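**Student:** here is a sequence together with a model predicted from it:
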Amino acid sequence: MEHFLTVGRIPFLVCAPFFHRFLDNPPPKILFLDGNPSEQNRRLRDGQIMLSPSSSIEYAKNRENYVICNRFCTSSTLEIRSVKLFSKYKWENLDKKSVHLTEESDTSATLLKLLSSLRFKVCPVWNSGNFEGGSYDARLLIGDRALREGSENKWEYSYDLASVWQEWQGMPFVFALWIIRKEALGGGFLPLLENYLNETELSIRDFKENRRECLQKWEKHYHHGLPQSLVSDYYNAVDYSFTPEHEKSLKKFYELCGMPAELKSL
């Protein structure tokens, strides 16, 4: 679609600051496609969307097609709360135990495997697909599902992956980057792209200043059913800035995954 910018929108609470501004009044020539992080990764790879807040590992896997926006990202201050391993056993006792992986996030699954191997020195049996009906010793959840599972206290142990990374590496973990296909830098798209990123920056600022009002708008479009106090407090743990420390952490993650650490930004 010529001069029409397609944007991947993730309907998780963590992404509300990015998108609440556009729910009632979408910008001209912007088309939003909803989906979880893994779906947006696929759409980016296939060229169905031009940009999205997507799994940071997606950039590393297909960097020849992308640049990143280095103005904002999704990370955390100590903990993220919405990326968690829930377990019947302590992490260091999960060797050869069955662990179910969410299929909604590539970065979180990669980080879980990395921490298991290098930090805790265990090799679980990884499983994916339908969780229901299976018997698992632990499971990885992200987004609103992780927040809901954490509030129900059904598991003996729970681990916040951002906290574990920070304790290990001493840096915040970058779960999602704003990934942009290189085609968006030409062909008449660039003015649309630059304007949209400016509007997104304003959206984040508005959310910080008017959190309750913005969340009420978000709830009308994406019902989550979580207690208001839990939701409001959640944003005290999420960090949307992209600083040199975030870049350093991202490069370290790529290096530990055996991937080139070079970043190309807009």
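**Tutor:** Yes, it's here. Predicted, not measured: the structure shown is a model, and the values here were computed from it.
**Student:** CA only for contacts and neighbour counts going forward, please
**Tutor:** Noted.
**Student:** for the chain, what helix or strand is lowest in average pLDDT?
**Tutor:** Taking mean pLDDT, DSSP states H and E as the measure, the helices and strands of the chain show their lowest mean at helix 228-234, namely a mean of 87.
**Student:** return the distance of that helix from the chain's centre.
**Tutor:** Distance, stretch centre to chain centre, for helix 228-234: 18 Å (C-alpha atoms, centre = their mean, to the nearest Å).
**Student:** next one: stretch 259-266
**Tutor:** 18 Å.
**Student:** measure that stretch end to end?
**Tutor:** As for stretch 259-266, its first-to-last residue distance stands at 21 Å under the measure C-alpha to C-alpha, to the nearest Å.
**Student:** got a list of contacts for that stretch?
**Tutor:** Contacts with stretch 259-266, where a contact means C-alpha atoms under 8 Å, 6 or more residues apart in numbering, come from Ala60, Lys61, Tyr66, Val67, Ile68, Cys69, Asn70, Leu250, Lys251, Lys252, Tyr254, Glu255.
**Student:** low-confidence ranges, the stretch 101-250 of the chain, go.
**Tutor:** With pLDDT under 70 as the threshold, the stretch 101-250 of the chain has low-confidence stretches at 131-134.
**Student:** mind listing the helices for it?
**Tutor:** Counting by DSSP state H, counting those that start in this stretch, the stretch 101-250 of the chain has helices at residues 106-114, 143-152, 161-169, 190-209, 211-221, 228-234, 244-256.
**Student:** biggest strand in this structure, by residue count?
**Tutor:** Counting residues, the longest strand found in the chain (DSSP state E) is strand 66-76.
**Student:** packing partners for that strand?
**Tutor:** For strand 66-76, the helices and strands in contact under the criterion 3 or more C-alpha pairs under 8 Å, 6 or more residues apart in numbering; DSSP states H and E are helix 56-61, strand 176-181, strand 238-241.
**Student:** pick the most buried one from these.
**Tutor:** strand 176-181 (a mean of 24; mean count of other C-alpha atoms under 10 Å).
**Student:** given it, what are its sheet partners and their directions?
**Tutor:** For strand 176-181, the pairing partners within the sheet under DSSP bridges are strand 51-55 (antiparallel), strand 66-76 (antiparallel).
**Student:** mean neighbour count added to those strands, as JSON lines?
**Tutor:** Listed next are those as JSON lines, based on neighbours: other C-alpha atoms under 10 Å:
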{"stretch": "strand 51-55", "mean neighbour count": "27"}
{"stretch": "strand 66-76", "mean neighbour count": "21"}
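**Student:** need those strands in TSV with mean pLDDT and distance to His224, can you?
**Tutor:** As requested, these are exported to TSV (pLDDT from 0 to 100; distance: least, C-alpha to C-alpha, whole Å):
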stretch	mean pLDDT	distance to His224
strand 51-55	96	20
strand 66-76	95	20
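**Student:** tell me which of those strands lies nearest to Leu215.
**Tutor:** Relative to Leu215, the nearest member of the strands paired with strand 176-181 by C-alpha to C-alpha is strand 66-76, separated by 17.6 Å.
**Student:** still on that earlier bit, would JSON lines of the strands paired with strand 176-181 with distance to Glu213 be doable?
**Tutor:** Converted to JSON lines, the strands paired with strand 176-181 look like this (distance: least, C-alpha to C-alpha, whole Å):
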{"stretch": "strand 51-55", "distance to Glu213": "23"}
{"stretch": "strand 66-76", "distance to Glu213": "21"}
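**Student:** nearest to Phe173 among these would be which one?
**Tutor:** Of all those, the one in closest proximity to Phe173, counting by C-alpha to C-alpha, is strand 66-76 (5.6 Å).
**Student:** please enumerate residues in contact with the closest one?
**Tutor:** Residues outside strand 66-76 that contact it (C-alpha under 8 Å, 6+ apart): 14, 53, 59, 162, 172-182, 201, 237-242, 263-266.
**Student:** and with 6 Å instead?
**Tutor:** Counting by C-alpha atoms under 6 Å, 6 or more residues apart in numbering, strand 66-76 makes contact with 173-182, 237-242, 264-266, all of which sit outside it.
**Student:** now do stretch 46-53
**Tutor:** The set of residues external to stretch 46-53 that reach it, using C-alpha under 6 Å, 6+ apart, is Thr6, Val7, Gly8, Arg43, Ala176, Leu177, Trp178, Ile179, Ile180, Arg181.
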